[in-house]
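[1] For reference, the sequence and a predicted model appear below.
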Amino acid sequence: MGQTGMSSAAIDDKPFLARAWTLWGSALIHGVSQIFFQINGFTGLLILAAFFTEDWRMPVLVVLGSLASSAGGRLMGESAIRVQQGFQGFCGALVGAATFAALGGQGAAYPIAIVGGLLCGPVTWGVHWLFTHQPLAPLRLPSTTAPFCLVATVILVATPWLHVHAPLELAGDSRPEAFFESLLTNISQVVLVDSVWGGALILLALFVAHWKVGLAAIIGSTIGSLAAIFLHLSLQNTANGLTGYSGVLTSIAFAVVFVRGTWTPWLLAVIGAAVTAVVTLLMEQVVGPTYTWPYILSTWAGLIFVDLVPGLRRAL
């Protein structure tokens, strides 16, 4: 997936400022694009632009969280090339977005986003250690966005007096356009943005990365919205993308990232997105945001299923 970065030796041969930009500039842009499993600078820039459709302060927190997360990963011993490719930055970027969603743009949000981003380093290391040692090592599960969910939950629980609650736009059950809005807001809500235009920018970013990534996002979004209607969820949540965003990630994960094959990855993407919709419904019974847990749990279960079924093959 994505582009191939330069070697650590090539980075070290550059002047200091060029080295700093190569490492941290790339870490930031790729950290944002890695939210959707991509190593692509243009994709990262377009996704970063999508945050502006919510509020100009949101991308500031995303940048702070992503850079802090990359720094935390570097401090935990992650290689410069892995940091440059964004593998340590995407969870921090999401923590920055979640911080804005919970705290808004108040002053306290900025140091909290930085601390939360730094925490993603050791938390990512801990989750990776857990999955590479017995008894979980044989399952070969990726940590994916679990560190983000854990850190964001800690921030949410630890700062109740700072929470802000922006009112959602009301959507009546008779609004047929709610379904079509959801096809884009499902995509934008992956990064906690409630915006049709934000979703359009991110979808464009995914097609810039590869047509398969964009198509998988559309499939996951459509199935998420159809499942929400089938499960008799309100059009309010459907229109705002709150029931379909995890299915977008699940669909991309199976169709493009984790499974080999021609048609089997796409079939698993469809099934995975549908399962994710049910998991989302069940998890909504829990008080508080579920973040990307429905995607994480569905993907973990799906990867275990792939290993158990003859003829199915893991890509990673």
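    Structure's in. What do you need?
[2] can you tell me how far residue 106 sits from residue 92?
    Distance, residue 106 to residue 92, using CB to CB, to the nearest Å: 19 Å. From N, CA and C alone the C-beta is placed, and that goes for glycine too.
[3] who's more crowded, these two?
    residue 92 (37 against 12; other CB atoms under 10 Å).
[4] For that one, pull up the helix or strand it's in.
    Under the criterion of DSSP states H and E, residue 92 resides in helix 90-103.
[5] Okay, now the unreliable bits of the stretch 51-200 of the chain?
    Scanning the stretch 51-200 of the chain with the threshold set as pLDDT under 70 gives 165-176.
[6] quick one: the helices in it?
    Assigned by DSSP state H, counting those that start in this stretch, the stretch 51-200 of the chain shows helices spanning 57-75, 80-84, 90-103, 109-131, 146-158, 177-188, 196-209.
[7] starting at the chain centroid, how far to the helix or strand that contains residue 295?
    Residue 295 belongs to helix 293-308 when elements are defined using DSSP H and E. Helix 293-308 sits 16 Å away from the centroid of its parent chain (CA atoms, centre = their mean, to the nearest Å).
[8] got it, and stretch 277-286?
    Chain-centre distance of stretch 277-286: 18 Å, with CA atoms, centre = their mean.
[9] What of stretch 181-189?
    14 Å.
[10] rewinding a little: mean confidence score for the helix or strand following the helix holding residue 295?
    As assigned by DSSP H and E, the chain's next helix or strand after helix 293-308 is strand 313-314. The average pLDDT for strand 313-314 rounds to 92.
[11] Domain ranges for this structure, per the record?
    Following the assignment in automatic domain parsing, the chain carries domains at 15-162, 177-314.
[12] Show the end-to-end separation of the last one, please.
    I take that to be domain 177-314. Chord length of domain 177-314, first to last residue, is 38 Å (CA to CA, to the nearest Å).
[13] center of this structure - which residue?
    Centroid check for the chain by CA atoms, centre = their mean gives residue 35 as the closest residue, at 3.9 Å.
[14] Residue 238 versus that residue, what's the distance?
    Applying CB to CB, the value for residue 35 to residue 238 is 22 Å.
[15] Please apply the same query to residue 290.
    Between residue 290 and residue 238 the computed distance is 16 Å (CB to CB).
[16] higher neighbour count, the two?
    Neighbour count, other CB under 10 Å: between residue 290 and residue 238, residue 238 has more, with 26 against 21.
[17] any idea of the pLDDT on the more buried one?
    On pLDDT, residue 238 comes in at 75.
[18] residues in contact with it?
    178-179, 182, 225, 228-229, 244 (CB atoms under 8 Å, 6 or more residues apart in numbering).
[19] Among those, name the buried ones.
    178-179, 182, 225, 228, 244 (16 or more other CB atoms under 10 Å).
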